[in-house]
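Asks: Sharing a sequence plus its predicted fold:
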Amino acid sequence: QLQLVESGGGLVQPGGSLRLSCAASGFTLDSYVIGWFRQAPGKEREGVSCVSSSGGSTNYANSVKGRFTISRDNAKNTVYLQMNSLKPEDTAVYYCATARIWATTGCYGLDYWGKGTLVTVSS
């Protein structure tokens, strides 16, 4: 069964850090573009960051640029999202998804999704 599983969410104070992981089972991630997305309560889902299949190309939403870093370890079949200098407005459920296309504006052709991990930034 093809599955993506996110982990690493939790409660953190403003200014803190978290590292999210997106692990695949039932298939290998190395041929896929991977994107991180988030959905805050009452808001639409938005793209956060995408990484190409090789890991050589990345992009970020303006709201997280300079604070978040996406990376991948294909040997571990896992993609990461390092989140630093977290703000209350980063509070959301974070999802990872496979994509067919990486572009400077985001990733497209989304196929498989995880169930998400909740990040809460609050004092």
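Replies: Looks like it arrived, so ask away.
Asks: Please count neighbours and contacts with C-alpha atoms only from this point.
Replies: Fine.
Asks: Against which helices or strands is the helix or strand of the chain at the bottom of the mean pLDDT ranking packed?
Replies: The least trusted helix or strand in the chain, going by mean pLDDT, DSSP states H and E, turns out to be strand 106-113, with a mean of 93. If you count contacts as 3 or more CA pairs under 8 Å, 6 or more residues apart in numbering; DSSP states H and E, strand 106-113 packs onto strand 3-7, strand 33-39, strand 46-51, strand 92-103.
Asks: And for the second one, what's in contact with it?
Replies: When you say that, I think you mean strand 33-39. The contact list for strand 33-39 (CA atoms under 8 Å, 6 or more residues apart in numbering) reads 45-53, 79, 81, 92-102, 107.
Asks: mind listing what's buried in the least confident helix or strand of the chain?
Replies: G106, C107, Y108, W113 (16 or more other CA atoms under 10 Å).
Asks: for this structure, which spans come out with low pLDDT?
Replies: Under the criterion of pLDDT under 70, none of the chain is flagged as low confidence.
Asks: Report the central residue of this structure.
Replies: Most central in the chain under CA atoms, centre = their mean is W36, positioned 2.6 Å from the mean C-alpha point.
Asks: what sits against the closest residue to it other than its chain neighbours?
Replies: In this structure, W36 finds its nearest non-sequential neighbour in C96, 4.5 Å apart by CA to CA, 6 or more residues apart in numbering. Contact analysis of C96 by CA under 8 Å, 6+ apart lists L4, E6, C22, I34, G35, W36, F37, W113, G114, G116.
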